[in-house]
Every structure is written in C-alpha cells, then in structure tokens.
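# return atomic coordinates for the entry below.
(6 chains)
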Number of protein chains: 4
Amino acid sequence: MTPVKKLSRRERERLRQRRDMLAAALELFSRNGYYNVSMNEIAEKAEFAVGTLYKFFKNKEDLYRSIMIEETDWFHKVMDQALDSGGDEIEKLRNYVSTRGVAVTEKEAVVRLYHAEVRGRSFNLRAGLDDEIIKQLNELRERLTSIFASGIKKKIFRPIAEPRQLAVALENICSGFIMRWLEDPQNNKYPEEPDVILNIIFQGLIPGEYHSPRPAAQNS
Amino acid sequence: MTPVKKLSRRERERLRQRRDMLAAALELFSRNGYYNVSMNEIAEKAEFAVGTLYKFFKNKEDLYRSIMIEETDWFHKVMDQALDSGGDEIEKLRNYVSTRGVAVTEKEAVVRLYHAEVRGRSFNLRAGLDDEIIKQLNELRERLTSIFASGIKKKIFRPIAEPRQLAVALENICSGFIMRWLEDPQNNKYPEEPDVILNIIFQGLIPGEYHSPRPAAQNS
Amino acid sequence: MTPVKKLSRRERERLRQRRDMLAAALELFSRNGYYNVSMNEIAEKAEFAVGTLYKFFKNKEDLYRSIMIEETDWFHKVMDQALDSGGDEIEKLRNYVSTRGVAVTEKEAVVRLYHAEVRGRSFNLRAGLDDEIIKQLNELRERLTSIFASGIKKKIFRPIAEPRQLAVALENICSGFIMRWLEDPQNNKYPEEPDVILNIIFQGLIPGEYHSPRPAAQNS
Amino acid sequence: MTPVKKLSRRERERLRQRRDMLAAALELFSRNGYYNVSMNEIAEKAEFAVGTLYKFFKNKEDLYRSIMIEETDWFHKVMDQALDSGGDEIEKLRNYVSTRGVAVTEKEAVVRLYHAEVRGRSFNLRAGLDDEIIKQLNELRERLTSIFASGIKKKIFRPIAEPRQLAVALENICSGFIMRWLEDPQNNKYPEEPDVILNIIFQGLIPGEYHSPRPAAQNS
DNA sequence: GATGAATGAGAATTCATTCAT
DNA sequence: CATGAATGAATTCTCATTCAT
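Take a look at the predicted model:
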C-alpha cells in the first residue's frame, strides 16, 4: 500500500524504538491516565532514558497526541475496511458491530484510551483533540450515516429516525457494551453475534428469531 | 428521608459553606478537568481560604469524590422519580429518556462530569469510583432492566435482546445524544420527543408514524 | 520622600522577606553568575523554601531582573545625588568619582553584578537589560555629558574632546579602577583622591600640583 | 616563531579541523554567551559530530578556554606589534589606540568575547581565566605602563598620575569606546583619530590643536 | 577515526497540604 | 475557627558527555 520498502537499517531501528515508546506510553496512559503517568515511568517501561523520549517527542503532550493520532488512524482504517466489505447495508452494519468487538481484543489499551478521550471527553489535552482526529471520527460517523440513509432509501430499513441519529445510536450502543466488557470482563461480554445489537435497532428487519412475529399484535 | 429538621444555626451555616465549595469545585472540575484545577482556584471561586477547604474535605480527591457522591445521589433521585411515574413500561421509558434530557439543562456541569467519569472512565480518581456510586448506577440500570423484563413479559416489548442489554443500549443512546449536544449545542439537540430514541429500540412497538408498515415485506 | 508610613505589619514583613531573598540572590549571582546559581541555592541561602521564592518572583529571570532594577535604581539615585552637589563643574565631577568609589564599599555585590552586566554585557538576560535600566544609565551619562559641556562653555575645561566622549572616558576610567580593585583588593586601590582620576582627564585644569605650571615648563 | 614546517598531512588536517571548531564556537559564544550555546549547536555550525568535538577538547569549558587562550594570544601579538612600532612614546600610544580599533573590525567576535570576559568578568569559567591569559594581559599592561613611565621620565608626558594608573585609564577609555561601538554601531564610532583618546589623557602634551595654548588662561 | 544516538544528572517550576497567627 | 503564607516533593525537560558502530 505504501511505497516504502527501502528503509535503511537505521531508519527501521528508529521506527522500532518509536513504536516501543508509544506502546509503553499507551499501556500506561490507558491504565492510569495522562496525569498519573510520568515521563520517567514511560521511559523506564520502554527501557530508554528520559532524554531519548524527548528525542522522539517534543514533550509529554506531543507523545500523547502522537498516540492518539496513530491509534485513531489504525481504528479508522480497521473500521473503514469493515464498512467497505461487500454485501448490502445490513451486512456492512454487521461488520461494523463485529469489528468494533474485534478491535478491542486486538488493542485493548487503544480502545480504553479511545473511550476515555472520545466518549468521556477527558482533559488530557488542554487544547482538545487534534482536528485531524476529530475529522476521522466524523468521517466514520458519516459513513455510518450514509449506510443508514441508503438502507432506508432502499427500504431495507424503516425510517425510524434520521440516519445520523441511527448512526449515533449504533456507535453508542457498541461503545456501551465494550465499556462494560472492559470494566468487568468476567460478567460482561460483547455480543458475539452482531445481530444482537442490530436487532436492538432493527429487530423488525434483521431476519432472525425475533423477526417474523408481527409487531402489530402488541398494543391493539 | 433523613430525620432532619433540628440543625443549629451553626450547622446550617456549615452546610451552606460546604454547598458553596462543592458548587465552585463542580463548576471548575467539569470545565477544566480534575488536574487542571488547583485547590487555590477552587478556594478563590468559592470565596474561602484554602485552609478552610481542608476543614471540610480531607484532600483534593475527597472533595472530588464528595461531588461525585452528592451529584450521583441527585441524579439517582431524579431518575428514580422518573421511573416511579405511573403508567406502563413504555411510559416509564419515555420518562427516563426525557428526564435524562431535562437533567442536562438543570445541571449541565454535573452531567459533563458524569460523562467524563462514568462514560469515559476518566482517571481523576486513582482508586476508581466509590462503591456507593457504582451501586447507585447499577441500581438504576437494574430498574431499567426490570422495566424491560416486565415489558417483555407483558408482551408489550418483543424480546429482541436480553433486558439488561436493552437497558445498556438505552442508557448509551441517551448518553450519546447528550454528549453530542454538550459538545456542540448549536448543531445537535437532544431529541425533544423521547419517542425518537425509543423508536430506535422499539420502532415496532411504539405507536407512531413508523409503526404500522409491516417490517416483513422488505427482504423476503 | 515617599508617602509611605502606613504599612501593615504584614506588608512590612513581606517587604523584609523580599529584601532577604533579593539579598541572597544578589550575593550568589554576583559571586557565581546567573547560570551557576540554582533557585534551590538561593532559597537555601535566603532560608526559605523554593516555593516561597516563586510567590515573590515569577521565575528565575524575574528575580534577576528585579535585582538589576532595584540596584540600578539605587545606583542611579546615589550617583544623581553626587551630581546634584553644589559646587562648580569640577566639584561635581569630583563627587562623581569619589561616590563611585564609595558605592563599591557599600554594595560590593551590586557593583560586581553591575560590571558583569553593564560593562561586560553578560548573557544572563536573553532579552537584554530592561529598557528602564538602560534609560537610567543613559540619563546618568547625559548628566555627566552636560556637566562637561557646561564646563567647557564656561571655559573651566578645555574642549579636548566632545562632552559625551569625555563622559564615556570618565565612566570607564572609574570602572577600570574599580574592577581592578574588586579583583585584587590587596594590590589595587581605587584612588582615594578623586583628583587622581580627574587629573588624567584635566591635568591642565584642575587647580593643584600640575595646574599652575605652564604646560610648557614641564620638561625644564 | 615555533619551529613549524614539518607537519604531516594528517597533522595539518587536524589543525584545520580544530580551527574550524574554534571559529564556530567563537562565533556562537560571542553572540549568545557560554550558557546559551550547546555543544550540539557548535558541532552543527562547525559541521562535525559532537563526538568529534570531544576528540579535540576535553569538555565544553576546555573548548571555551582554548578559544580564550588562542584569541588572547592573537590579541597580545597584535597589540605587541603595535607597541613595537618605532617612534617615540606618543607614537606608540597612538598605535595602541588605533590598533585596538582595528582589532575590532578584524575580529569582532573575539573582541566581544574579550569584553564580556575580561572587562565584565563573566562567569563562563567557574575557575576564572587561565593564569596564562592573565599573565599576557598583565604583560600588555606592563608594556603600556613602562611606555608611560619612560615618557614621563623623558618629560614627554607630565606626571599627572602613576604610570600604571595611566595605563589602566587608557585601556579602559579604549574599551569604553569599543563597547559603545559594538552595542550600537549606528550611533557610536570608535574615534578614527587616536589623538581624540590620547588628548583626553594628554591634551597638554600631544602636539596639536590643544597643545600649545597655555592652560593658564582657562579659569580667569 | 568519526559519528550521533542514548544517557541521566540536574535545574526550574508547580501545587497539594500544613500550621502559626 | 478561618486564614493564606510557607513548604518541599514531584514533575517536566535540557544538554554535556559517553560509547557502540
């Protein structure tokens, strides 16, 4: 995908170091929060001297921001692929839901940080998240939104709410389950079957157990 | 609830002072985050000396914790009342949704903090939220859960997912909308009509615009 | 002179502390130079905690700058008085010379710092000396200049150079002697008799040993 | 002077490198001060690696000291030559004055540093200037002193002060003018005509405009 | 021999907390 | 009892120096 290939040993080494630093910092930040992690701790965990950290990152905030940017990139990419998957709108949403779950298992720390920062609005960054990050998150939501829109247009989905509202709802239901899972993995699982979540929004639409019974009956 | 009534002037005065301190701290914490607020700032805003703050609260964390406890109490009480409302399960949920919206307008700062802390899992508290707070939040979720359960039992709701999952979903959809609203009040409003949210979960059930068309038709 | 008098005990106390801090810092700076003195050292010498230093001064540079300003003020005032002295132009210059000498004995540390900063152009202040300080030093030179000018006009002094050049010369001869004195007090004294210095510039004019004899005579 | 000639290519190369390093460092030190110049900056400007700097100089202070020694050597040599010039005492002093001026134009950076260090007593060197440097500076002053002494003896100069005092005075008048020049080249020039400075000290003696006129006349 | 990445001691600064008045 | 000045531990960041390649 990238036209790389020719990285000198030196460059590869530097990249590896950078990755190690980011990994150590990510782990600590996601576990203890920005303000409860000192540069010395990060250095120690990454097995470098503090000074070396500062060769790679201008300051603590820059280090944090770099993590956020790289991981948002990763998240964006992963989710993008999920939504690129062939299939109809339902299939895409199914992919969205299950990929959100997969992402956690792959990078728990990232997701943890993502939740603190994006869902909870932490105050780690004085100036707030980078525009670039916000842009990516918005893009993702817009993709979801247009999937809902097109699904509605094709009459696959009933227009039970505006597409963007549906997108927000879906995002947040997923996040809610993930959060619970992270907080108490014993007792909470992220639904293995994405339809559990989709059913919440589209029970009438998703073919499956709860589908056939006419909704009608209930209130009459 | 408590057998109040007999508070000496002294005691009433102290309570007032305490309330002022908590209010000042709440405002600042919710706006700048725990670590970007100093005890001196709080003291100044509350118009007390720092020393006085320490007469009321053991330390900064205790002050923060106290806010969380009091405000969770308030939130719990408000939401509890909403769910106590007469009416069937649908009515109760409607009340839940709209009360969540009302709560924001009444105590924006509280909700802001609540979101950082509960939704995002901030790291203001080293040791995490108090058990007492967690207990209350769980209670609230359990009430929601049993509303869903009873609704399903009464066949008002279709059993599209487990009651607790539905509760989590509802909570998070609401939070999602509230968060967006807080972040950009210009462009995002919390749905004035609670049914917008409930429709997402129960479009087949809530009587209304999108109800009648049989969901069935579309894919089969 | 100042309309003070009514300083609360608190204020007087604060002033005293500030003075102590400045004194400790002056002593250290003048002996070791800006960059070889740490805030902790200053705090220790002044018998305060570092934090207290920062209550009085925004940062290290501010502390240094404050010293420079206060001491330049003092120096300016002392020299100004010297030049205010009654008497003709010769008398004023005599006063200038001897007061420069007195100033050293009174505040050796100040003069030491003054020399590093003003004569040598140190690099303690990134942004250079305050305009206020430079203004005062220029004023002093201008006063000297006009004394020379008026002396020349009155034909007390021969116009051997431009008045400002004479002022610069006088300043620097004095500084030169002072510097030598400070560096090696054993072997160098600042001329007790100001005429020694004035004679260098005005040997033909200052009444005294070298005065009356026609210059011609000198080699007879 | 030294029995040079036989330097291997290797050695010549090393000398050239050393010179480049010293030149880069001189430029930076004289402009920003010892403590505001990092070894990395010097290395970069000299186009070497830091490590290489340390092959030539034990440490930062040694580098600085080396500059001072080499440049003092140069200055000493230049001034020595000036004083070697044929001619009587007056001629020699004239040469001293004008050579001081020439030196600035040739090596402004050196003079800048010289002033900070020698005139101002900077604190770049913890242990003060090298004895060797001090010795050279003293030698120069002694030469000046003996010129004054011999001039007085020959009755070319009137004994308006002790020879050494005259030497100090002359040195400092020159330095004073040079400093002003360096600080504000627009508005201050070093007297092109050395007699301007010499007149200040010897107006009665230097043949010229102010020489013959009887000093007597003046105050009557 | 040259390089420059890595090191870590040291300095400035902040802020929760204490305690004399 | 309230006050707020004083404290000093902890944190971020820099830069002279070293040493493996």
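
# C-alpha only now, for contacts and for neighbours.
OK.

# for chain A, which residues are neighbours of DNA strand E?
Residues of chain A found near DNA strand E (Cα under 7 Å from any atom of the strand) are A:14, A:17, A:47, A:48, A:49, A:50, A:51, A:52, A:55.

# swap the cut-off to 10 Å and go again
A:10-11, A:13-18, A:39-40, A:43-44, A:46-56 (Cα under 10 Å from any atom of the strand).

# now which of these would you call buried?
Buried members of the residues of chain A next to DNA strand E, counted by 16 or more other Cα atoms under 10 Å in any protein chain shown: A:17, A:18, A:39, A:43, A:46, A:53.

# convert the C-alpha atoms of the helix or strand harbouring the fourth one to PDB, please.
Okay, so that is residue A:43. In the assignment (DSSP states H and E), residue A:43 maps to helix A:39-46. Coordinates of each C-alpha in helix A:39-46 appear next as PDB, following Å, rounded to 0.1, in the frame of the first residue of the first chain:
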ATOM      1  CA  MET A  39       7.800  10.700  31.700                       C
ATOM      2  CA  ASN A  40      10.200   8.800  33.800                       C
ATOM      3  CA  GLU A  41       7.800   5.900  34.200                       C
ATOM      4  CA  ILE A  42       7.200   5.800  30.500                       C
ATOM      5  CA  ALA A  43      11.000   5.800  29.800                       C
ATOM      6  CA  GLU A  44      11.500   3.100  32.300                       C
ATOM      7  CA  LYS A  45       8.800   0.900  30.900                       C
ATOM      8  CA  ALA A  46      10.000   1.500  27.400                       C
END
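
# is DNA strand F within reach of it?
Yes: Helix A:39-46 lies within reach of DNA strand F by Cα under 10 Å from any atom of the strand, at A:39, A:40, A:41, A:42, A:43.

# now the residues you listed in a markdown table, with pLDDT?
Formatted as a markdown table, these follow (pLDDT from 0 to 100):
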| residue | pLDDT |
| --- | --- |
| A:39 | 96 |
| A:40 | 95 |
| A:41 | 96 |
| A:42 | 96 |
| A:43 | 96 |
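
# show me which of the residues you listed neighbour chain D.
Near chain D, taking Cα under 8 Å from any Cα of the partner chain as the test, no member of those is found.

# what sits against residue A:36?
Under the criterion of Cα atoms under 8 Å, 6 or more residues apart in numbering or on different chains, the neighbours of residue A:36 are A:29, B:123.

# okay, now residue A:99: neighbour count?
20 (other Cα atoms under 10 Å in any protein chain shown).

# and for the one 3 residues further on?
One way to gauge burial is a neighbour count; for residue A:102, by other Cα under 10 Å, it gives 15.

# what about the residue in chain A that chain D sits nearest to, which SS state?
Across chain A, the shortest distance to chain D (Cα to the nearest Cα) belongs to residue A:55, at 13.3 Å. At residue A:55 the chain is in helix, as set by DSSP: H, G, I helix; E, B strand; the rest coil.

# minimum distance to chain B, which residue of chain A gives it?
Going by Cα to the nearest Cα, chain B is nearest to residue A:120 of chain A, at 3.3 Å.

# give me the neighbour count for that residue.
Neighbour count of residue A:120, defined by other Cα under 10 Å: 22.

# give the contact list for it.
Per Cα under 8 Å, 6+ apart, neighbours of residue A:120: B:115, B:116, B:117, B:118, B:119, B:120, B:121, B:122.
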